[in-house]
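Student: return atomic coordinates for the entry below.
(one chain, ligands or ions: 2)
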Amino acid sequence: MKPMAAMLALLWLLTFPVAFAAETPTEIYTVEELLAIGEDPAGSYILMNDLDLTGVEWPCPDFSGTFDGNGHALLNLELTKPGATTAITIDGNQKKYDTYLVGFFGSLQGAEVKNLQLLNVRALIDIDTPCFLGGLAAHSMDSKITGCTVTGTLELRAFDRMFGVAGLVGYGNGTVENCNVDVTLICTDTDPNTKDEQFMGGIFATGFMDVSGCHITIDGYCSEFGYVHNGGITGMYMRRPIGYDYKGNLVNNTVTGKITFFECNPDRRAYCAAEAGEILGSYNRISNTCDFTRDERKDYSVELRPDMCLVPGYEKTVVAPGCDTYGYTLYTCTGCGYSYKDDYTLFAHTVTVWTVTEAPTLEKEGLSTGSCDLCGLEFTRIEPVLEELPTEAPTEPPTEAPTEAPTVPATVVTPAENPPYALLCLLAICILGAIGVCIALLRPKKRRGGKYAKKKVRR
Ligand SMILES: [Zn+2]
Ligand SMILES: [Zn+2]
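Tutor: Ligands and ions are numbered 1, 2, ... in the order given. Now for the predicted structure:
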């Protein structure tokens with residue numbers, strides 16, 4: 001038995017590091033590394049810092065692994081088109097649709113997503129097929145979402161059979177715990193002649209998810225010529241597929257906000273409520289706190305939007321980032337006063353005083369140190385190699401320097417101020433040199449002057 005035990009031990013030792021390595025998440029530091037999750041969607045990932053996604057064409061990848069946001073934020077995610085795959089969604093009558101998916105994730109399948117912040121998600125989708133739009137995911141099957149935050153504005157324009165928009169998840173099942181959502185949702189039926197099913201919810205548009213401990217702030221706008229299903233948490237809680245006996249839970253959530261909508265339809269039902277617009281089957285609703293307004297309109301001639309001005313004009317106010325606060329631009333309509341935040345910027349420290357600790361030379365980079373005016377955190381920056389004699393200020397500022405306050409000038413010697421000092425020194429040396437030359441010229445004359453003196457004496 002001994003050789004057998006030794007072989008087993010050896011096998012365990014050989015396989016243990018492999019098993020351990022598989023559980024170690026891949027660290028994400030850059031946008032490129034974030035985009036690479038689509039290449040291994042079953043992997044395990046951890047976000048290592050905040051990232052600004054401005055200008056990134058987001059592919060809405062499907063995902064079945066583990067994604068740990070690690071408390072970090074992805075700013076300015078822009079969703080403009082569906083992902084590469086579709087999924088089957090089911091309506092309240094158990095009809096099935098091949099549905100296009102738009103979200104940070106397209107479809108989550110048995111995935112776990114935690115502690116991720118999606119701040120200032122911007123989505124505008126105009127589509128002629130069934131479609132679900134969700135800030136975190138368009139579609140979720142048996143997935144778990146914990147401690148995530150979504151803020152932003154998501155707009156879906158559609159007309160075909162079944163579609164919807166939500167702060168977190170478009171359609172599906174699984175669990176959502178301790179998430180924060182603060183969103184403006186706009187859903188517009190673009191064809192008055194088709195009767196479709198439209199869904200809107202702060203957490204999920206429709207499906208059968210368990211939601212607990214979430215805080216939802218919603219400002220919804222829905223213009224619909226078919227059937228409306230709107231709610232602070234979900235538009236419609238569906239029964240599970242026929243024969244599946246399950247009682248879902250909505251527990252300890254808070255809902256604040258309103259949904260403004262119209263349903264232009266002679267056999268209208270207009271489901272809109274604080275927790276769930278329509279409930280099919282059983283659903284436990286326990287200890288939810290709601291401050292919700294169901295704002296139904298009867299004018300079907302104008303699309304409902306947060307800003308109803310015909311030609312909105314916006315004033316911009318840029319708010320700079322701080323050491324631990326994001327910057328943003330506040331847009332305020334001069335006509336109606338409606339305002340929203342956009343163009344978020346990453347944290348930035350303010351260093352106005354840099355001290356050169358190693359002066360750059362013609363051959364070698366230098367170093368400067370400085371501390372943040374606000375939080376005192378120390379920074380080091382590289383001073384570039386001097387191109388020429390220091391008679392001119394360097395043309396380019398150091399590229400990796402933390403943000404400088406442009407209005408407050410540096411009060412100690414910085415690379416930019418070195419040349420004037422050097423110039424002064426050169427000037428001083430020249431003057432001293434000139435004086436020296438004059439003295440040197442005069443001295444021999446004095447010696448010769450002795451002869452003159454003699455001459456004078458002779459006179
Ligand atoms: Zn306005
Ligand atoms: Zn700071």
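
Student: for the helix or strand hosting D210, which strands pair with it and how are they oriented?
Tutor: Taking DSSP states H and E as the definition, one finds D210 inside strand 204-212. Here the strand partners of strand 204-212, with direction, are listed using DSSP bridges: strand 169-177 (parallel), strand 234-237 (parallel), strand 248-251 (parallel).

Student: let me see the mean pLDDT of it.
Tutor: Along strand 204-212, the predicted local confidence has a mean pLDDT of 96.

Student: check stretch 35-54 too.
Tutor: Along stretch 35-54, the predicted confidence averages to a pLDDT of 98.

Student: contact partners for the spatially most central residue of the chain?
Tutor: Nearest to the mean C-alpha position of the chain, by CA atoms, centre = their mean, lies L75 at 1.3 Å. Shown here is L75, whose contacts under the criterion CB atoms under 8 Å, 6 or more residues apart in numbering are D50, L51, D52, L53, T54, L119, N120, Y326, Y344, T345, L346. In this view, the C-beta of every residue, glycine as well, is placed from N, C-alpha and C.

Student: can you check N284 too?
Tutor: Listed by CB under 8 Å, 6+ apart, the contact partners of N284 are K247, G248, N249, L250, V251.

Student: same deal with C60?
Tutor: Going by CB under 8 Å, 6+ apart, C60 touches L79, K81, P82, G83, A84, L101, V102, G103, F104, F105, G106, A138.

Student: residues contacting the residue lying closest to the third one once chain neighbours are set aside?
Tutor: This points to P82. When the adjacent residues along the chain are set aside, P82 lies closest to Y100, with 3.9 Å between them (CB to CB, 6 or more residues apart in numbering). By CB under 8 Å, 6+ apart, the contact set of Y100 is P82, G83, T86, I127, T129, P130, C131, F132.

Student: which SSE is the residue nearest to V121 when sequence neighbours are not counted in?
Tutor: Distances taken as CB to CB, 6+ apart put G152 closest to V121, at 3.4 Å, once the chain neighbours are dropped. Assignment of secondary structure by DSSP H and E places G152 within strand 149-158.

Student: other SSEs contacting that strand?
Tutor: Based on contacts counted as 3 or more CB pairs under 8 Å, 6 or more residues apart in numbering; DSSP states H and E, the elements that strand 149-158 packs against are strand 117-126, strand 131-134, strand 162-166, strand 180-189.

Student: for those, give me CSV that also has distance to ligand 1, mean neighbour count and mean pLDDT.
Tutor: Written out in CSV, the entries for the helices and strands packed on strand 149-158 read as follows (distance: least, CB to the ion, whole Å; neighbours: other CB atoms under 10 Å; pLDDT from 0 to 100):
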stretch, distance to ligand 1, mean neighbour count, mean pLDDT
strand 117-126, 18, 20, 98
strand 131-134, 24, 32, 98
strand 162-166, 22, 32, 98
strand 180-189, 14, 23, 98
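
Student: need these in a markdown table with distance to ligand 2, can you?
Tutor: Written out in a markdown table, the entries for the helices and strands packed on strand 149-158 read as follows (distance: least, CB to the ion, whole Å):
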| stretch | distance to ligand 2 |
| --- | --- |
| strand 117-126 | 20 |
| strand 131-134 | 35 |
| strand 162-166 | 36 |
| strand 180-189 | 25 |
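
Student: right, and the ones you listed - which one's nearest E363?
Tutor: Checking the helices and strands packed on strand 149-158 against E363 by CB to CB gives strand 117-126 as the closest, at 44.6 Å.

Student: orientation of the closest one relative to strand 162-166 in degrees?
Tutor: Relative orientation of strand 117-126 with respect to strand 162-166: 150 degrees, computed using axes from the mean of the first three to the mean of the last three CA atoms, to 10 degrees.

Student: pull the CA atoms of strand 117-126 into PDB?
Tutor: What follows is strand 117-126 as a C-alpha-only set of coordinates in PDB (Å, rounded to 0.1, in the frame of the first residue of the first chain):
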ATOM      1  CA  GLN A 117     -19.400  49.800 -10.400                       C
ATOM      2  CA  LEU A 118     -20.600  50.900 -13.900                       C
ATOM      3  CA  LEU A 119     -20.800  54.700 -13.600                       C
ATOM      4  CA  ASN A 120     -22.500  56.800 -16.300                       C
ATOM      5  CA  VAL A 121     -23.600  54.000 -18.600                       C
ATOM      6  CA  ARG A 122     -24.900  55.600 -21.900                       C
ATOM      7  CA  ALA A 123     -27.000  53.400 -24.100                       C
ATOM      8  CA  LEU A 124     -29.000  54.400 -27.200                       C
ATOM      9  CA  ILE A 125     -30.400  51.400 -29.100                       C
ATOM     10  CA  ASP A 126     -32.700  51.700 -32.100                       C
END
